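> Compute the structure for the input listed below.
(chains A and B, ligands or ions: 2)
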Amino acid sequence: MRKCIKCGEKAQIYLPQHRLSLCKTHYIEWFENRVEKSIKEFQMFSKKEKILVAVSGGKDSLSLWQALVKLGYDADGFYIDLGIGDYSKKSFNISIAFSEKLDRTLHTVSLEDEVMSIPQIKNYDNRPTCSICGTLKRYYMNKVAKHLGYRVVATGHNLDDESAVLFSNTLNWSVDYLKRQYPVLPEENSFIRKVKPLCKISEKESAMYAVLCGIEYIEEECPFSEGATSIDYKTFLSRLEEKSPGIKLRFYSEFLRKMYPILHIGEEKPHLNRCSICGEPTTGEICSVCNLKNKLKLKAGG
Amino acid sequence: MQITVVYRGQKKVLEFEKAKVKSGDILKALDLSKDFAFVIKNGEIVSEDEIIRPRDEVRVINAISGGAF
Ligand SMILES: [Zn+2]
Ligand SMILES: [Zn+2]
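Ligands and ions are numbered 1, 2, ... in the order given. Next up is the predicted model:
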């Protein structure tokens, strides 16, 4: 029987990449400390700043929100209703119930009211759904957070998300994406600061925290994410991880430590304009969301 | 031996040839890696070598999620 290294009681959790055995109480404590350590390491935010957590109803965003509140941060939630049938209804109900349990505000925006629901947009735009959805989420998160007076947006991206993206960007040598792969994107050009406090927490660690804290989260996947290539990369990396525990964490954190600075030597910042329609930042004249709206208006004939 | 598990909200009955089934065997039967999946037995998260019996209440969690980069 494995024993908790903190208290000697029976350990429920074993973390091979950290060689740690922990009981329930000490796992929860370890998780929250680890989140706080990342916040401090990357100087994400302080306890005086108002934080807006992007909430989807999944394990990562809810675990993040709970950990931030327990650590004493001033964190409210933000939910975007994508209008994807039962999936969206269920995740909305879960998110609302959770905000009540935490006793924190949950702000919501409905894509159907703002543009069109994701299934409707699908009829007019044949780009991959996840990428349209990602663009819209980032746009409204930025706009709403600024409007409501928040200083920072925190998302639930975890170590598995980050190492899968890093792996994909490295395979393709997508240098421009690699340059922006950092757990803090500072506030600039009317972009609000964006942070990923779970960047060193694995997907399994985040799910175990949710289960041990009794957090009810939506287990099913978005119906449009089926066959997403990110799953292939994650499955591949987890096979490596099983053989060499800690490889994902090393891949990601050593990138940040050794490679990220090299990518920024002698760099000039791209110049950003304000979108002539909505005023949000863009490299062109009209931002990608206003572009999409125009296109949808044309195609929908109104 | 038959073990009933709840996986992603659905009940599944798994058949095993051997008499001693471990939590790791359940993950294998569902083709899940221990790197992203785990077993909850009678309300407690258990390690891969935990013995599972037919009367145990078993839930399997797969933590991997897809979606956009
Ligand atoms: Zn303990
Ligand atoms: Zn615009």
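> Which stretches in chain A count as strands?
A:13-15, A:20-22, A:50-54, A:74-81, A:106-110, A:152-154, A:184-185, A:193-195, A:273-274, A:281-282 (DSSP state E).
> okay if I get these as JSON lines plus mean pLDDT, distance to residue A:253 and mean neighbour count?
All C-beta atoms are positioned from the backbone trio N, CA, C, and that covers glycine. Output for these, formatted as JSON lines (pLDDT from 0 to 100; distance: least, CB to CB, whole Å; neighbours: other CB atoms under 10 Å in any protein chain shown):
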{"stretch": "strand A:13-15", "mean pLDDT": "94", "distance to residue A:253": "16", "mean neighbour count": "19"}
{"stretch": "strand A:20-22", "mean pLDDT": "96", "distance to residue A:253": "17", "mean neighbour count": "21"}
{"stretch": "strand A:50-54", "mean pLDDT": "98", "distance to residue A:253": "23", "mean neighbour count": "23"}
{"stretch": "strand A:74-81", "mean pLDDT": "97", "distance to residue A:253": "24", "mean neighbour count": "22"}
{"stretch": "strand A:106-110", "mean pLDDT": "97", "distance to residue A:253": "32", "mean neighbour count": "17"}
{"stretch": "strand A:152-154", "mean pLDDT": "97", "distance to residue A:253": "19", "mean neighbour count": "24"}
{"stretch": "strand A:184-185", "mean pLDDT": "94", "distance to residue A:253": "14", "mean neighbour count": "17"}
{"stretch": "strand A:193-195", "mean pLDDT": "97", "distance to residue A:253": "16", "mean neighbour count": "21"}
{"stretch": "strand A:273-274", "mean pLDDT": "90", "distance to residue A:253": "35", "mean neighbour count": "14"}
{"stretch": "strand A:281-282", "mean pLDDT": "90", "distance to residue A:253": "29", "mean neighbour count": "17"}
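> and stretch A:242-253, what's its mean pLDDT?
For stretch A:242-253, mean pLDDT is 96.
> residues touching residue 2, list them.
Reading this off chain A. A:10, A:11, A:14, A:21, B:47 (CB atoms under 8 Å, 6 or more residues apart in numbering or on different chains).
> nope, chain B
Counting by CB under 8 Å, 6+ apart, residue B:2 has contacts B:13, B:14, B:15, B:16, B:54.
> Now which of those would you call buried?
B:14, B:16 (16 or more other CB atoms under 10 Å in any protein chain shown).
> Strands - which of the contacts of residue B:2 land there?
B:13, B:14, B:15.
> of these, closest to ligand 1?
Set against ligand 1, the nearest of the ones in strands among the contacts of residue B:2 by CB to the ion is residue B:14 (31.9 Å).
> the strands in chain B, which residues?
So, for chain B - with DSSP E - the strands run B:2-7, B:10-15, B:21-22, B:37-41, B:44-46, B:51-52, B:58-62.
> Farthest pair within the contacts of residue A:2?
Greatest spatial distance among the contacts of residue A:2 (CB to CB): A:10 and A:14, at 11.5 Å.
> Where do the helices of chain A begin and end?
Under the criterion DSSP state H, helices of chain A are mapped to A:24-41, A:59-70, A:85-102, A:111-114, A:118-122, A:129-147, A:159-171, A:175-179, A:203-212, A:229-243, A:247-254, A:260-263, A:288-299.
> neighbours around residue 42, how many?
Unless you meant another one, I'm taking chain A. Neighbour count for residue A:42, taken as other CB atoms under 10 Å in any protein chain shown: 17.
> should've been chain B
Around residue B:42 there are 11 residues (other CB under 10 Å).
> ends of stretch A:119-136, how far apart?
13 Å (CA to CA, to the nearest Å).
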